[in-house]
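[1] just coords:
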């Protein structure tokens with residue numbers, strides 16, 4: 001098999017792990033039993049060794065379509081051939097279903113819709129990122145795959161045959177008939193002990209559909225782009241880790257920002273920044289329970305006796321601190337993009353901005369969710385005090401550069417936000433605080449940004465002190481109320497960014513780059529695509545300025561609508577968009593979907 005385009009995948013999940021399923025019916029990525037566990041299927045990172053579970057027509061002359069069952073995370077892959085039509089329904093049961101409690105089971109239901117389409121079923125797990133071999137036991141209930149530390153059952157009533165490290169079968173169904181396959185953990189060294197009847201599988205499907213629809217019914221958004229916002233909300237929900245409340249940045253690792261290059265990272269962890277923005281997006285559209293769970297996750301981290309007031313930029317979904325990076329040199333990487341990385345050494349970088357993003361989300365949670373406790377406030381005091389004493393240090397910045405620390409303007413901006421939101425929260429709740437000291441630091445940061453972060457010749461806010469490099473992250477300035485959206489400096493910054501790269505800007509056909517990597521080397525080789533969150537930030541900046549300027553508002557709407565056209569066939573986005581409109585980077589990306597929700601919310605409200 002050839003590698004599928006990244007945008008050719010759909011995702012299913014159960015708030016513990018996910019699976020990526022291609023339009024060709026192949027599960028090419030799944031970590032088990034949770035997001036950051038070793039992969040069970042990783043064909044997306046190595047077509048030959050990675051492992052996959054594919055159900056597809058025997059004849060290669062077919063077309064396929066994918067869609068989600070309305071308002072759910074249940075995925076349908078439909079195959080259309082000259083002999084008929086068949087469908088594969090994929091889902092992970094959630095809540096109480098006929099197929100157990102739904103935890104860590106993946107169900108594939110095959111239905112022959114019309115005619116007679118011979119199908120081939122092929123399953124070859126590759127335990128521990130394809131580093132471990134396994135034994136296979138087959139019986140009348142299916143197959144069991146026994147790796148060194150994990151045993152997986154593939155339960156089915158369909159007879160299976162073994163071929164080396166895989167099992168396979170040819171499936172012949174008549175019109176109206178169905179069959180099902182269920183992946184679940186099984187007993188060590190044993191055989192499959194049960195296969196689920198088609199009736200049970202169908203009932204599990206309906207119960208899972210009801211779960212997602214009930215959850216989505218709490219969404220308060222009813223604007224112009226409701227279906228788009230719904231899909232992003234459902235995607236973000238799948239990226240939450242229910243046992244702890246953590247939120248992963250993306251469910252994949254090492255999908256390249258530049259095909260064939262080295263910009264390949266592991267995003268299966270909780271970035272304070274990404275999670276705080278996600279929390280904001282959830283609260284914007286009525287989902288306060290997810291916000292409360294994440295706040296509990298943060299409280300648990302900060303209550304660790306080793307915590308000194310300084311936050312890491314990211315943590316494991318279980319709250320662990322160390323995420324050491326490792327190269328998997330036995331895997332070739334997506335279309336030859338190496339190295340394949342697991343873990344992320346950026347965990348010990350200094351990124352000052354995370355304090356602002358966290359404090360902003362806490363402030364909003366206290367306002368729109370539920371009031372925070374006094375004990376949590378004392379924890380926040382330590383965090384704000386720390387940033388108050390360290391805001392003027394150099395750091396690696398929001399983009400996690402590996403070319404050395406600098407005075408990033410965005411980092412100073414979000415340090416200002418941390419102090420500002422701390423003061424607002426103290427006033428709102430009458431919490432005790434050294435108000436004069438915090439105000440003095442906050443105001444000092446503001447003046448410093450205006451003096452050193454503004455370039456008079458470029459007529460724009462710039463990436464680092466006294467530089468000339470533009471950075472799209474600064475489009476967030478009016479969004480966090482640092483400056484008015486109609487402040488002359490902000491309007492000039494928007495205009496400077498909103499030019500094509502050959503004219504010194506960062507925008508190419510309505511898509512926005514993070515920064516110019518030739519002007520500002522980041523310590524890595526290769527190119528990258530436009531950064532999707534930056535495009536939505538530009539939409540929001542134009543939207544806010546557009547309240548008083550009709551042309552800018554029209555530009556915002558056009559840019560937003562054009563960006564929607566770069567989603568994949570299911571409404572999912574990766575981290576970046578390439579020169580040919582292809583998806584690049586880890587997929588789906590929480591950053592992109594949360595910024596879409598925010599942009600849709602504010603643009604719809606302004607247009608109204």
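    Perfect, I can see it now. As the structure is a computational prediction, the values presented were derived from the model and not from experiment.

[2] wait, residue 242 touches residue 13, no?
    No: with contacts counted by C-beta atoms under 8 Å, residue 242 stays clear of residue 13, the gap being 10.3 Å. Any C-beta I mention is one placed from the backbone N, CA and C, and that applies to glycine too.

[3] who's more crowded, these two?
    residue 13 (23 against 14; other C-beta atoms under 10 Å).

[4] so how far is residue 270 from that one?
    Between residue 13 and residue 270 the distance is 16 Å, computed by C-beta to C-beta, to the nearest Å.

[5] domain ranges for this protein?
    For the chain, the structural domains run 6-213, 223-607, going by automatic domain parsing.

[6] okay, the ones you listed in JSON lines with mean pLDDT next?
    Listed next are the domains of the chain as JSON lines, based on pLDDT from 0 to 100:
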{"stretch": "domain 6-213", "mean pLDDT": "94"}
{"stretch": "domain 223-607", "mean pLDDT": "93"}
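
[7] next secondary structure after the helix or strand containing residue 169?
    Residue 169 is part of strand 166-171 when elements are defined by DSSP states H and E. Following strand 166-171 in sequence order, the next helix or strand is strand 178-185 (DSSP H and E).

[8] following that next one, which helix or strand comes up?
    Next along from strand 178-185, by DSSP H and E: helix 198-216.

[9] on contacts alone, who are the packing partners of that following helix?
    Counting contacts by 3 or more C-beta pairs under 8 Å, 6 or more residues apart in numbering; DSSP states H and E, helix 198-216 packs against strand 84-91, strand 106-115, strand 178-185, helix 226-238.

[10] now do the longest one and helix 198-216, the angle between them.
    Helix 226-238 and helix 198-216 meet at an angle of 110 degrees, taking axes from the mean of the first three to the mean of the last three C-alpha atoms, to 10 degrees as the criterion.

[11] quick one: contacts of the following helix or strand past helix 226-238?
    Per DSSP H and E, the first helix or strand lying C-terminal to helix 226-238 is strand 240-241. With contact meaning C-beta atoms under 8 Å, 6 or more residues apart in numbering, strand 240-241 is reached by 15, 16, 34, 35, 246, 247, 248, 270, 290, 293, 294, 317.

[12] what strands flank strand 240-241, and is each parallel or antiparallel?
    Here strand 240-241 is paired, per DSSP bridges, with strand 246-247 (antiparallel).

[13] show me which residues of the helix or strand where residue 411 lies are buried.
    Assigned by DSSP H and E, residue 411 belongs to helix 409-429. Within helix 409-429, the residues scored as buried using 16 or more other C-beta atoms under 10 Å are 409-426.

[14] follow-up on the earlier one: want to throw the helices and strands packed on helix 198-216 into CSV with distance to residue 361 and mean neighbour count?
    Putting the helices and strands packed on helix 198-216 into CSV (distance: least, C-beta to C-beta, whole Å; neighbours: other C-beta atoms under 10 Å) gives the following:
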stretch, distance to residue 361, mean neighbour count
strand 84-91, 31, 22
strand 106-115, 32, 21
strand 178-185, 35, 22
helix 226-238, 14, 21
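
[15] can I get those in TSV with distance to residue 532?
    Shown next, in TSV, are the helices and strands packed on helix 198-216 (distance: least, C-beta to C-beta, whole Å):
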stretch	distance to residue 532
strand 84-91	25
strand 106-115	28
strand 178-185	31
helix 226-238	12
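
[16] distance check, residue 557 against residue 227.
    From residue 557 across to residue 227, the span is 17 Å (C-beta to C-beta).

[17] my guess is residue 288 meets residue 367, correct?
    No: contact criterion C-beta under 8 Å: residue 288 and residue 367 do not qualify, at 10.8 Å.

[18] so what sits against both of those two?
    By C-beta under 8 Å, 6+ apart, no residue touches both residue 288 and residue 367.

[19] can you tell me which residues contact residue 383?
    Residues in contact with residue 383 (C-beta under 8 Å, 6+ apart) are 302, 309, 311, 355, 358, 359, 418.

[20] ugh, wrong one, residue 86
    So, once contact is read as C-beta under 8 Å, 6+ apart, residue 86 ends up touching 57, 78, 79, 110, 111, 112, 113, 117, 119, 173.

[21] ok, the fifth one - contacts?
    By C-beta under 8 Å, 6+ apart, the contact set of residue 111 is 86, 87, 89, 173, 177, 178.

[22] try it again at 10 Å.
    Contacts for residue 111 (C-beta atoms under 10 Å, 6 or more residues apart in numbering) come out as 76, 78, 85-89, 173, 175-180, 198, 202.

[23] hmm, back to that, now for residue 242 and residue 13: what residues contact both?
    residue 94.

[24] strands along the stretch 401-550 of the chain, start to end?
    454-455, 460-461, 507-508, 511-512, 530-531 (DSSP state E, counting those that start in this stretch).

[25] what residues does the last one touch?
    For strand 530-531, the external contacting residues (C-beta under 10 Å, 6+ apart) are 257, 399, 472-473, 506-515, 537, 563, 566, 575-579, 584-585, 589, 591-592.

[26] check the first one too.
    For strand 454-455, the surrounding residues in contact (C-beta under 10 Å, 6+ apart) are 409, 460-463, 465-470, 489, 492-493, 496.

[27] could you redo the last one with a cut-off of 6 Å?
    461, 462, 468 (C-beta atoms under 6 Å, 6 or more residues apart in numbering).

[28] strands paired with it, and their directions?
    Next to strand 454-455 in the sheet, as set by DSSP bridges, lie strand 460-461 (antiparallel).

[29] try the last one
    For strand 530-531, the paired strands and their directions (DSSP bridges) read strand 576-577 (antiparallel).

[30] circling back: separate out the buried members of the contacts of strand 530-531.
    Those of the contacts of strand 530-531 that meet the buried threshold are 257, 399, 472-473, 506-508, 510-515, 537, 563, 566, 575-578, 584-585, 589, 591-592, by 16+ other C-beta under 10 Å.

[31] quick check: residue 338 vs residue 45, distance?
    Taking C-beta to C-beta, one finds residue 338 at 10 Å from residue 45.

[32] okay, the two: which has more neighbours?
    More crowded of residue 338 and residue 45, by other C-beta under 10 Å: residue 45, with 30 against 19.

[33] residues in contact with the nearest residue to the more buried one once chain neighbours are set aside?
    Spatial nearest neighbour of residue 45, excluding adjacent residues (C-beta to C-beta, 6 or more residues apart in numbering): residue 331 at 5.2 Å. By C-beta under 6 Å, 6+ apart, the contact set of residue 331 is 45, 46, 340.

[34] could you dump those residues into TSV and include distance to residue 130?
    Formatted as TSV, those follow (distance: C-beta to C-beta, whole Å):
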residue	distance to residue 130
45	8
46	6
340	10
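
[35] got the residues you listed as JSON lines, with distance to residue 277 and secondary structure columns?
    JSON lines is the format used below for the contacts of residue 331 (distance: C-beta to C-beta, whole Å; DSSP: H, G, I helix; E, B strand; the rest coil):
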{"residue": "45", "distance to residue 277": "27", "secondary structure": "coil"}
{"residue": "46", "distance to residue 277": "32", "secondary structure": "coil"}
{"residue": "340", "distance to residue 277": "27", "secondary structure": "coil"}
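
[36] from those, which is closest to residue 6?
    Nearest to residue 6, judged by C-beta to C-beta, of the contacts of residue 331 is residue 45 at 11.5 Å.

[37] between the strands of the stretch 401-550 of the chain, which gets nearest to residue 165?
    Nearest of these (C-beta to C-beta): strand 530-531, 39.2 Å.
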